[in-house]
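Chemist: model this:
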Amino acid sequence: MSAIHTARERARAELTTVIKDEARRQLAASGAPGLSLRAVARELGMVSSALYRYFPSRDDLLTALIIDAYNALGEQVEAADRSVAPTEFRARLRGVCHAVREWALAHPNEYALVYGSPVPGYRAPEDTVLPGARVPVALLKLAGEAWAAGALVPATEPLAPELAEQAKAVAEFGGQDLPAAQTARGAMIWTQLFGIVGFEIFGQLANSMDPADAFFDYAVERMADLLGLAAEGGKRPV
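Modeler: Residues are numbered from 1 along each chain as shown. Prediction:
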C-alpha cells in the first residue's frame, strides 16, 4: 500500500470521526429527528456536497451513529463480563447489568438514539442487527455457560408453542444449547434490564425510585434469582 493511499485513508477516517462527533452534538441539542447533514456541514465549515461523499444521506449518518452506540455498549458489557472469573456466574450477571446502566448514564443521548422512540422516516438496515445483539448475546452466553456447568436451577414451567419456538430460535442465534424456558427467562432479564435503565434515563423514576442505585442493585439480584443462579456462598434459589 502506498504512503499516499495510506495518508488518504487516515485523513478520511479522521474526518469521518469529526463528522460523527458533530452529529452527536446535534443529537444532544435537537434529538435524532432534528439531525441534518446540511447543519453538520455548516458547523464544520464544509459544503454539503463534500459531506455527502462520506454519508450520502441523513439515514446513512444515523446508521453509523447507531452502530457506534451499539458497539460501544457491547464492548463495555463484554469487558465487564471478561473481568469476572468464568464460573462466578452471578457476579458476571451483576457486572453485565451494571455495565449497561453505567454506559447509559454516561451516554444518555446515544442510549436514547438506540433504545428511545423510533426516528420518523428511518428504517434501520441489516447492518445494525449484529451490533445491536451484542448485549443479549452476552446474556445468552452467560446463561448457556451456567447451564452447561450445572449452575442453573432448571426452569420447568411449560411454554406456549409459539413462545417455545421463539425461544429456540433465540438460543440458536446466540449459539447456546439452552432449554426454551431457560431462554425465555433470559429474555425476561434482558427486557427488565433495559426497562429499568430506560425508566431511569428518561426520568420515569422521578419521585419514586430516584436515585435508582439501591433499586437497581435489588432488581439485578432478583434477575439472578429468576435465572436460577446461586448467591455467592449459598444455594441456588428454588
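Chemist: what residues of the helix ranked longest in the chain count as buried?
Modeler: Counting by DSSP state H, the longest helix found in the chain is helix 3-30. Neighbour counts over helix 3-30 (16 or more other CB atoms under 10 Å) mark Leu15, Ile19, Lys20, Glu22, Ala23, Arg24, Gln26, Leu27 as buried. Bear in mind the C-beta positions are built from the backbone N, C-alpha and C, glycine included.
Chemist: next helix or strand past the one helix or strand in the chain whose mean pLDDT sits lowest?
Modeler: For the chain, using mean pLDDT, DSSP states H and E, the weakest element among its helices and strands is helix 3-30, scoring a mean of 85. Proceeding N to C from helix 3-30, the next assigned helix or strand is helix 37-44, under DSSP states H and E.
Chemist: isn't Val77 right up against Ala99?
Modeler: Yes: between Val77 and Ala99 a contact is recorded at 4.6 Å, counting by CB atoms under 8 Å.
Chemist: domains for the protein, by residue range?
Modeler: 1-56, 67-227 (automatic domain parsing).
Chemist: ends of the last one, how far apart?
Modeler: Counting by CA to CA, to the nearest Å, the length from the leading to the trailing residue of domain 67-227 is 29 Å.
Chemist: please tell me how far that domain is from the chain's geometric centre.
Modeler: 8 Å (CA atoms, centre = their mean, to the nearest Å).
Chemist: okay, now Ala231: neighbour count?
Modeler: Other residues lying near Ala231 total 12 when counted by other CB atoms under 10 Å.
Chemist: overlap in contacts, Val77 and Ala99.
Modeler: Residues touching both Val77 and Ala99 (CB atoms under 8 Å, 6 or more residues apart in numbering): there are none.
Chemist: any weak-confidence spans in this protein?
Modeler: Across the chain, the ranges flagged by pLDDT under 70 are 1-5, 232-238.
Chemist: shouldn't Met209 be in contact with Ala219?
Modeler: No: counting by CB under 8 Å, Met209 stays clear of Ala219, with 9.2 Å between them.
Chemist: what helices and strands are in contact with the least confident helix or strand of the chain?
Modeler: Here helix 3-30 touches helix 37-44, helix 58-82, helix 108-115, going by 3 or more CB pairs under 8 Å, 6 or more residues apart in numbering; DSSP states H and E.
Chemist: kindly recompute the last result at 6 Å.
Modeler: Here helix 3-30 touches helix 37-44, going by 3 or more CB pairs under 6 Å, 6 or more residues apart in numbering; DSSP states H and E.
Chemist: give me the buried positions along the helix it packs on.
Modeler: Applying 16+ other CB under 10 Å to helix 37-44 flags Leu37, Ala39, Val40, Ala41 as buried.
Chemist: can I get that helix in CSV? Just the C-alpha atoms.
Modeler: Provided in CSV are the C-alpha atoms of helix 37-44 (Å, rounded to 0.1, in the frame of the first residue of the first chain):
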residue,chain,number,x,y,z
LEU,A,37,-26.5,16.8,7.1
ARG,A,38,-26.6,20.5,6.0
ALA,A,39,-26.4,21.6,9.6
VAL,A,40,-23.5,19.3,10.3
ALA,A,41,-21.7,20.5,7.2
ARG,A,42,-22.3,24.1,8.2
GLU,A,43,-20.9,23.6,11.7
LEU,A,44,-17.8,22.0,10.3
